[in-house]
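Trainee: next comes the sequence, and after it the predicted model I'd like to discuss.
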Amino acid sequence: MKIAWKQVVAALLVGCILGVAGGAVLSRVAFRRMHRSAPDPERMVKKLTFELGLDAQQQAGIRKIMESRRDSFKAMHKAANAKFQELRTAMDADIERLLKPEQQQKFRELQARWEARHKDMPKYLPEPR
């Protein structure tokens, strides 16, 4: 039995390329899903119930605790996003001051491309539910 080495190498190469491409696509999908929305309180209760074996009374108590903290989390989220935007704006301004005029224009174009590429993703932190 003669082994066709060229075919084996070609098959391995195709397998590697498909594996890398598939991994890149899956990681991108997972990243977008993770950053699209905040954790769902009901999903968290289900997870805790599964992991800890919570009874119905404990589940109801956890839901009540989570609901009572919702407004605080939303306020913190809003403040964090505002602070993040403030820091990012200051950083961009500092970078622009170091650049020559033609570099500044290219920098603004880069920023516009980055924003367009990420337009379907939340700006910073996802809104708490």
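Mentor: On my side now, so go ahead.

Trainee: Thr89: neighbouring residues, count only.
Mentor: 10 (other Cβ atoms under 10 Å). In short, each C-beta sits where N, CA and C put it, glycine included.

Trainee: measure it to Glu96 for me?
Mentor: 11 Å (Cβ to Cβ, to the nearest Å).

Trainee: before we move on, what about Leu48?
Mentor: 47 Å.

Trainee: now swap in Ala79 and tell me
Mentor: For Ala79 relative to Glu96 (Cβ to Cβ), the value is 26 Å.

Trainee: what's the overlap in contacts for Thr89 and Glu96?
Mentor: Residues touching both Thr89 and Glu96 (Cβ atoms under 8 Å, 6 or more residues apart in numbering): there are none.

Trainee: returning to what we had before: between Ala79 and Glu96, who's got more neighbours?
Mentor: The residue with more neighbours, out of Ala79 and Glu96, is Glu96; 14 against 10, by other Cβ under 10 Å.

Trainee: correct me, but that one touches Gln104?
Mentor: Yes - between Glu96 and Gln104 there is a contact under Cβ atoms under 8 Å: 5.2 Å.

Trainee: who does the helix or strand where Gly22 lies touch, helix- and strand-wise?
Mentor: Assigned by DSSP states H and E, Gly22 belongs to helix 5-36. If you count contacts as 3 or more Cβ pairs under 8 Å, 6 or more residues apart in numbering; DSSP states H and E, helix 5-36 packs onto no helix or strand.

Trainee: of all the residues in the helix or strand following it, which ones are buried?
Mentor: Scanning forward in sequence from helix 5-36 by DSSP H and E, the next helix or strand is helix 41-52. By neighbour count on 16 or more other Cβ atoms under 10 Å, the buried set for helix 41-52 is Pro41, Val45.

Trainee: helix 41-52: what's the following helix or strand?
Mentor: Defined by DSSP H and E, the subsequent element after helix 41-52 is helix 56-98.

Trainee: what's that next one packed up against?
Mentor: Using 3+ Cβ pairs under 8 Å, 6+ apart: helix 56-98 touches helix 41-52, helix 101-117.

Trainee: select, out of those, the one closest to Gly19.
Mentor: Judged by Cβ to Cβ, the one of the helices and strands packed on helix 56-98 that comes nearest to Gly19 is helix 101-117, at 24.8 Å.
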